[in-house]
Each structure stands twice: as C-alpha cells, then as structure tokens.
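Trainee: Test case, fold it:
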Amino acid sequence: MSTTVLARPRPAPADAFPTQTSTTQADTEAVLLRHIPSNAEQAPGLSKASHMQFLVRNLTQGFPARYVSQDASQPWLLFWTIQAFSILQVGLDPGNKQRMINKILTAQHPDGGFGGGPGQAAHLLPTYASVCALAIVGRPGPEGGWDQIDRKKMYDFFMSLKQPDGSFLVAHHAEVDVRGIYCLLVTATLLDILTPELVEGTASFIVSCQTYEGGFASASQPYYAASSSSYPEDLTDHTPHRLLETPRPALGEAHGGYTFCALAAWVLLLPFRDDNEVVTPEIDVGKLLRWLVMMQGNEIELGGFRGRTNKLVDGCYSWWCGGAFALLEALGVGKQENDAAPAKEGESLTEEWADVDDSLFNRRALQEYILYAGQHPAGGLRDKPPKNPDAYHTLYCLSGLSIAQHRISPSDARRAQIRNSWDATRFHASDLKISESVLPGGIRQKIFEDALAWAQDEGGSIIVGGSQNRVNATHPLFNLTITHTEGLMGYFYGQTLSPHSSRKPS
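Mentor: Numbering: from 1, shown residues only. This is a model prediction of the structure:
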C-alpha cells in the first residue's frame, strides 16, 4: 500500500534584511515543520486521556509552584480547569463540585463582585471567572453557589466602576480595559442585572477602540469639553454629557484578546440598540473581518492564529480570533440559513456540495494546528512547541478546537421556541432590589432571547481526525456549554426553557 508524502510548505516571505522578528518567525516555522506528519494519510488524534490526567493532577494535587504568580487569578485557574473538563465531555462528582463552590465563594468581596482570592480586592475579570465557574459546578439552594451571589452588591460594584465615556475601570483605582467590559457584560447578562444606566455610552466606547487595522485595542483616550464642573472633580455624575465625540483615538494596536472581547461586548449590547435612532455608533465590520482573516497563519504555520500583526502564532488565539468568527454571524456576516428548509418542488438536494466548507476561516487547518502542535506529549495544551502546557492554553486551545469543529450560530427556530415559552411575569426573587433603573420588559426578553438563541448545526460539524476527536460545543459569547448557559440564565430570569430541537444540515 503506497503512502502519500506531503509537500514541504513554503516559508513566509522574507527580505535580505533579517531582524529579530524575522529570525524568530523562521525558527518557529522550522519547529512547526517538524510537527507536520510525513504521511498525509496519518490521522491526527486528540489525546483526551493525557489531557484529563493533566487537569486532574492540577485539581487534586494542586498547581505547580510556578503558578504562585497567579495568586490573584485563583477563580481563573478553577474556570480554566473545569471548563476544559466540560469541553472534553467530562462531568465532575458532587464532592468536587462542592469543594469548588466553597472555594469560589471565599473570593466574593463583602462590597460586591469577586476578587482573585480570599481577602483580595474585587475585580471584573475574576468576577467573570467566578460566575462562569459557578454556572458549571453550582446549583440553586443552600450552599449551591447561585443563591449566594450577592447580585445587588455586584450591581453597585459595577456602577462604581463606570466612567463618563461609557467605559469601566477593571477595579477601583485601576485602568480601563475592554476585557473588563466584556467580563462585566457577560456577568450582568447571565445574572439578569443589565440596566440602561449600566450600559449607557458603552457601545460608543467600544466603537472608539477599533483601530485603523480593523481589530480592537484595549481602550481609547477620551477628551472632555471645558465646563464649570469639569471632569474628574465630579465623580458622582456617571453621564457622559461632557464627552467630546471626537477625537477618541484608540490606545495601542489591534489585539486578538481585545478584539474578541470588544466584539462579544458589542453583540451583548445589541438588545439596547434603538432601531429608530437616526445616528448610532457602528463598528467597521469589513475592516474587522479582513483583520481577523489575516491573523490566521499560512500552511507552514499549520493554520494557527496570531494575536497581532507580525507576531507568532499562539494556541490561545484559536479561541480569541477563531471564536470571533462565530460572533460575526450574529451581525449577519457570513450568515447562512441556519434552519433546515425543504427543497422546492422540482428541486433535488444532491450530495455534490456536502463537503464544502464556506466558513470565513480555515477550520480544518486550525484543528490541525491544535492537534499537531498544540498538544504536549505529557498532557495539557500549549502556546506552541517546545513550550510547556498550562491551564490557560489548555482551555483556550480546546475552546478553539470546539469552535473549529462545530458551527454554532443564532437560530431562528430556537429563538421562536424561547419567545413562545417566555413568561414576562416571572423574575428572580431578588430582582426588584437590584436597581432603580427600570429595564423595559421587551429589552429584558430580547437579552434572554439573543443570548440563548444560539444552536448547533449538526450538519455543519467538521471533525479532523475522526469522531474520536470530537469535543463538546461551547457558546461563542460566554465560552460555556449551551447547557450550562441555559441552566444559569433560566434560573436568574425565572424562565423554563424547552429542549433544543435537532438542527439538520442547511
């Protein structure tokens, strides 16, 4: 039996003036080249057992000493670990779930939000990680974690961070960062504490963070008009009435992590858009799409993603960049008919185009990068060889693998199911104590629908290496499974969700 030998991929273009950047790029290509199998018929495998052992070892024996630098990220370490379990289709026993619930609740700050560990200051990023971890392992009732979240104090904490330009500090006396805004909006969406006053001006701020390349930076520089009560003396006034519309230059270069968070935040804010408003801020979707497409590496880079222009590919951007393409579908970019429709009379549905992938990025190539280069031989996943695995890259490589395997997009059929079962009279018991800012019922319903209308198209799955490599689908907005997202939101919105109907190939 003959075997097919793969042709050697061409290196990235270079000139006669080597720099540290071009030299490092060439070195990385040489390393990645060694991970391309010589036999084209050799199917790559996902070493699920090895990755499970890596995760279980961290969970039961504790993280290695080098993780002491992550002392302010303890909720993140738990989230990265247990969401990786979820993607690998592994559940946790009740005893370990309770241990995690108890651990997470020790990080809840007495004045609202969660810190990076017991006794640490509240911060938007570990607040997201804590709530998402509780979505996975928590439950309603005493000691279940969900009812122990102080939503009123969390809302007050969020409002205390709000800035006149619509942005948020990530913590008191800290900086503005669009990643913090994403974490805040995810948390507020999951817990049903979004209000008009909370998000006032935030969409405009997100638009201002888009750079000339098309991706997003971490923040923008606001400028204010002179007034008798000039900023920053009046810190109690959260309205951005002194803010100048221009200039609002983006700070820094476009980055994969910032771009995902900005785009997801934009999608989460869509229910607040006024369709009758004449002038609304808009992101430049065309420039964003171009930038995202250009972030995927070429053949010699195995189709991995880089996070910035002229940088090296890195496994974590499998999620931060790869995951952004699913979010674009919520804006109508590359949107397909996501619910099966019968053939018209006289038409026949042939299998001629059954294997055509019309995705906006190369899903097969991204899977190959993760399977060939992202996996460490001893378990766990990594940035790229020869680096060691870690909890962060293990989750985001697996999340990227999931988003490349499965097509999850807003489904009109699922939205109709949610709309038909919506009960406007039902709220969580503590909802009336959260804020004086009234959220119109129609917007509250739309927030719920928009977040949960995402569904998996089974006919759109592409599994490189065979079905044994299949992982669970994850929600493009939250990086939680659909089941965990629906469980938490259904509880806090007081709604009962009907089961998903099967989505056929379109």
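Trainee: Next up, phi/psi of the spatially closest residue to residue 464 that is not a sequence neighbour, please.
Mentor: Counting by Cβ to Cβ, 6 or more residues apart in numbering, residue 367 is the residue found nearest to residue 464 once chain neighbours are left out, at 4.0 Å. C-beta coordinates here come from the backbone N, C-alpha and C atoms, glycine included. The phi/psi pair for residue 367 (degrees, to the nearest 10) reads phi -60, psi -40.
Trainee: before we move on, what about residue 176?
Mentor: phi -90, psi 140.
Trainee: do residue 414 as well
Mentor: According to degrees, to the nearest 10, residue 414 has phi -70, psi -40.
Trainee: what does stretch 301-308 contact?
Mentor: 12, 28-29, 32, 35-36, 253-257, 295-297, 312-318, 320-322, 362, 364-366, 368-370, 372-374, 384, 400 (Cβ atoms under 8 Å, 6 or more residues apart in numbering).
Trainee: what's around the residue nearest to residue 464, how many residues?
Mentor: Residue 367 has 27 neighbours, counted by other Cβ atoms under 10 Å.
Trainee: how near is it to residue 45?
Mentor: 12 Å (Cβ to Cβ, to the nearest Å).
Trainee: overlap in contacts of those two?
Mentor: Shared contacts of residue 367 and residue 45, defined by Cβ under 8 Å, 6+ apart, comprise 465, 469.
Trainee: Break down the stretch 1-150 of the chain into its helices, ranges please.
Mentor: For the stretch 1-150 of the chain, the helices defined by DSSP state H, counting those that start in this stretch occupy 20-33, 48-61, 74-87, 94-105, 124-137.
Trainee: and the shortest one, which residues are buried?
Mentor: Going back to what we said before, that points to helix 94-105. Buried residues in helix 94-105, counted by 16 or more other Cβ atoms under 10 Å: 96-98, 100-101, 103-105.
Trainee: Go through the residues you listed and name the one nearest residue 291.
Mentor: The closest of these to residue 291 turns out to be residue 104 (Cβ to Cβ; 35.7 Å).
Trainee: May I have the residues that are in contact with that closest one?
Mentor: With contact set as Cβ under 8 Å, 6+ apart, residue 104 has these partners: 75, 78, 114, 130, 133-134, 145.
Trainee: Apply the buried test to the residues you listed and list what passes.
Mentor: Neighbour counting with 16+ other Cβ under 10 Å marks 75, 78, 114, 130, 133-134, 145 as buried within these.
Trainee: distance of residue 316 from residue 381?
Mentor: Going from residue 316 to residue 381 by Cβ to Cβ gives 9 Å.
Trainee: With neighbour numbers in mind, choose between these two.
Mentor: residue 381 (30 against 25).
Trainee: related to what we said a few turns ago, so the residue nearest to residue 464 is in contact with residue 466, correct?
Mentor: No. Residue 367 is beyond contact range of residue 466, at 11.4 Å (criterion: Cβ atoms under 8 Å).
Trainee: Surely residue 8 and residue 33 touch.
Mentor: Yes. In this structure, residue 8 is within contact of residue 33 by Cβ under 8 Å, at 7.4 Å.
Trainee: neighbour count winner among those two?
Mentor: residue 33 (14 against 10).
Trainee: Need the pLDDT of that one.
Mentor: Reported pLDDT at residue 33 in the predicted model: 93.
Trainee: was I right about it contacting residue 10?
Mentor: No. With contact defined as Cβ under 8 Å, residue 33 does not reach residue 10; the gap is 10.9 Å.
Trainee: Which residues are in contact with each of those two?
Mentor: Common contacts of residue 33 and residue 10, defined by Cβ under 8 Å, 6+ apart, comprise residue 300.
Trainee: circling back: overlap of the contact sets of residue 316 and residue 381?
Mentor: Listed as contacting both residue 316 and residue 381 by Cβ under 8 Å, 6+ apart are 393, 397.
Trainee: measure residue 267 to residue 410 for me?
Mentor: On the measure of Cβ to Cβ, residue 267 and residue 410 end up 10 Å apart.
Trainee: swap in residue 184?
Mentor: Distance from residue 184 to residue 410, by Cβ to Cβ: 22 Å.
Trainee: Same question for residue 456.
Mentor: 12 Å.
Trainee: Same question for residue 55.
Mentor: From residue 55 to residue 410 the distance is 31 Å (Cβ to Cβ).
Trainee: What of residue 164?
Mentor: Computed as Cβ to Cβ, the residue 164 to residue 410 distance reads 33 Å.
Trainee: just residue 123 next, same as before
Mentor: 31 Å.
Trainee: Between those two, point out the one with more neighbours.
Mentor: Between residue 123 and residue 410, residue 123 has the larger neighbour count (other Cβ under 10 Å), namely 27 against 21.
Trainee: Isn't that one up against residue 112?
Mentor: No. Contact criterion Cβ under 8 Å: residue 123 and residue 112 do not qualify, at 11.3 Å.
Trainee: returning to that earlier point: would you mind finding the most buried of the helices of the stretch 1-150 of the chain?
Mentor: For the helices of the stretch 1-150 of the chain, the largest average neighbour count (mean count of other Cβ atoms under 10 Å) is found in helix 124-137, namely a mean of 26.
Trainee: mean confidence for that one?
Mentor: Mean pLDDT, helix 124-137: 98.
Trainee: Likewise for stretch 172-185?
Mentor: Per-residue pLDDT over stretch 172-185 has a mean of 97.
Trainee: Next: stretch 406-424.
Mentor: If you average the pLDDT over stretch 406-424, you get 94.
Trainee: same deal with stretch 188-203?
Mentor: 95.
Trainee: Send me stretch 208-219 as CSV with only the CA atoms.
Mentor: C-alpha atoms of stretch 208-219 as CSV (Å, rounded to 0.1, in the frame of the first residue of the first chain):
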residue,chain,number,x,y,z
SER,A,208,-13.8,54.1,19.7
CYS,A,209,-11.5,51.2,20.5
GLN,A,210,-11.4,49.9,16.9
THR,A,211,-8.0,50.7,15.3
TYR,A,212,-7.1,51.6,11.7
GLU,A,213,-6.3,47.9,11.1
GLY,A,214,-9.8,46.7,11.9
GLY,A,215,-9.1,44.9,15.2
PHE,A,216,-9.6,46.5,18.6
ALA,A,217,-7.3,48.0,21.2
SER,A,218,-7.6,47.8,25.0
ALA,A,219,-9.2,51.3,25.4
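Trainee: Tell me the buried residues in it?
Mentor: Neighbour-count burial for stretch 208-219 [16+ other Cβ under 10 Å]: 208-211, 213-219.
Trainee: helices and strands of the chain: which one bottoms out on pLDDT?
Mentor: Of all helical and strand segments in the chain, the minimum by mean pLDDT, DSSP states H and E falls on strand 250-251, at a mean of 88.
Trainee: And whichever helix or strand comes after that one, what does it pack against?
Mentor: Downstream of strand 250-251, the first helix or strand assigned by DSSP states H and E is helix 256-268. Helix 256-268 is packed against helix 178-191, helix 202-208, helix 285-294, helix 317-320, helix 322-329, helix 441-452, with contacts defined by 3 or more Cβ pairs under 8 Å, 6 or more residues apart in numbering; DSSP states H and E.
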